[in-house]
Structures are given as structure tokens and as C-alpha cells.
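**Q** I would like to see how this sequence folds:
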Amino acid sequence: MTKHAFIQNPLFADGESLRWHEPFPGERIALRIDGWDTGGRYGVAEGIIEPMVGPPLHIHHDADEIIYVVEGTVDFAVAGRRLRFGKGGIVLIPRGAPHAFRNFGAEPARLLGLFAPAGLERMFPAMEGRPLEDFPQVAAEFSVEIVGPPLEPAA
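**A** The predicted structure is shown next:
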């Protein structure tokens with residue numbers, strides 16, 4: 001069993017001093033809590049997802065993910081199930097589960113994502129400024145496997 005350092009000091013961060021990354025067209029991501037601040041236990045990212053945007057179907061091999069819908073409406077596909085959630089919706093995605101999400105709404109959606117253990121949140125800054133063709137290789141560096149295309153509209 002891996003031991004992580006205990007959190008020694010509280011972390012305070014206002015919403016005004018965030019550094020936003022643009023890893024993909026139509027997505028802005030800010031690291032709210034970097035895994036370095038939690039001894040590697042978890043990381044938290046905030047995302048603003050424009051209409052008709054979302055990642056391809058993928059698997060996190062080393063991290064569980066929780067996504068909370070702060071604003072907007074987002075379709076989720078996880079392990080063969082598909083659901084639509086609005087404000088207040090929450091999805092737990094266990095590691096190893098194929099999943100994707102997409103904003104099919106007319107307005108941007110805002111999401112909070114928690115990754116445990118930490119590390120996956122660093123993929124977004126690593127992808128910034130790189131062409132989309134690099135995504136499978138960058139994702140693999142963070143134990144993420146691309147296994148399909150982005151979600152299509154529900155029938």
C-alpha cells in the first residue's frame with residue numbers, strides 16, 4: 001500500500017486568481033487543487049465546456065473521477081449507461097470504466113472534477129498548445145486510454 005503525506009496546512013484559493021488552460025478547442029480548465037497540495041491523494045479541476053464539446057470515450061487506468069455539474073446540462077456515458085444531468089448532478093466514474101461526456105446544450109457548462117489519486121489533473125496543462133493529434137500520446141502519459149469517439153447526440 002502506498003503511503004501519502006498528510007496534508008499539513010489548509011489551502012485557500014479564491015476564484016479570481018485561477019490560471020485557465022485551453023487544452024482542447026472549446027474547453028477551459030483550471031486546476032483548483034493540485035495533487036502536490038494533497039500529498040498525491042486527490043486533485044480538483046474546474047472546466048468550462050462550450051456547446052457541442054466533450055472528450056472522446058476514454059478510460060482512466062489509475063484514477064477514480066467524480067464530476068459535479070455546477071452549471072449547464074451535460075450528457076454522460078459511463079460503462080455503457082447514458083444519462084443527462086443539469087445543475088447539481090454528480091457522477092462517480094470508477095477507474096477502468098469507459099466514459100465520456102458532452103455538452104449538447106446551447107450554453108457553456110461548468111463542471112468540477114475530482115481525481116483520486118492525484119495526477120490526472122496535470123494532463124490539462126500538459127496538453128495546452130499541442131495539436132489534437134497529440135492527445136492519445138499525452139493521455140497515455142497520464143494512464144488514460146482513448147477507446148472511442150466523442151459522444152453523439154442521443155437518439
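**Q** What's the separation between the nearest residue to residue 36 once chain neighbours are set aside and residue 68?
**A** Spatial nearest neighbour of residue 36, excluding adjacent residues (C-beta to C-beta, 6 or more residues apart in numbering): residue 118 at 7.8 Å. All C-beta atoms are positioned from the backbone trio N, CA, C, and that covers glycine. Between residue 118 and residue 68 the computed distance is 17 Å (C-beta to C-beta, to the nearest Å).
**Q** Settle it for me: which of the two has more neighbours?
**A** Neighbour count, other C-beta atoms under 10 Å: between residue 118 and residue 68, residue 118 has more, with 22 against 17.
**Q** Show me where the chain has its strands.
**A** Assigned by DSSP state E, the strands in the chain fall at 20-24, 27-33, 43-49, 56-60, 64-71, 74-78, 81-85, 90-93, 99-102, 109-116, 144-150.
**Q** shouldn't residue 98 be in contact with residue 147?
**A** Yes - applying C-beta atoms under 8 Å, one finds residue 98 in contact with residue 147, separated by 5.5 Å.
**Q** For beta bridges, what are the partners of the nearest residue to residue 92 once chain neighbours are set aside?
**A** Spatial nearest neighbour of residue 92, excluding adjacent residues (C-beta to C-beta, 6+ apart): residue 66 at 5.4 Å. Counting by DSSP bridges, residue 66 forms beta bridges with residue 92, residue 114.
**Q** Tell me the pLDDT of residue 14.
**A** As predicted, residue 14 sits at a pLDDT of 66.
**Q** Relative to residue 61, how far out is residue 123?
**A** 13 Å.
**Q** joint contacts of those two?
**A** Residues touching both residue 123 and residue 61 (C-beta atoms under 8 Å, 6 or more residues apart in numbering): residue 144.
**Q** between those two, who's got more neighbours?
**A** Higher neighbour count among residue 123 and residue 61: residue 123, with 22 against 12, using other C-beta under 10 Å.
**Q** Thanks a lot, catch you later.
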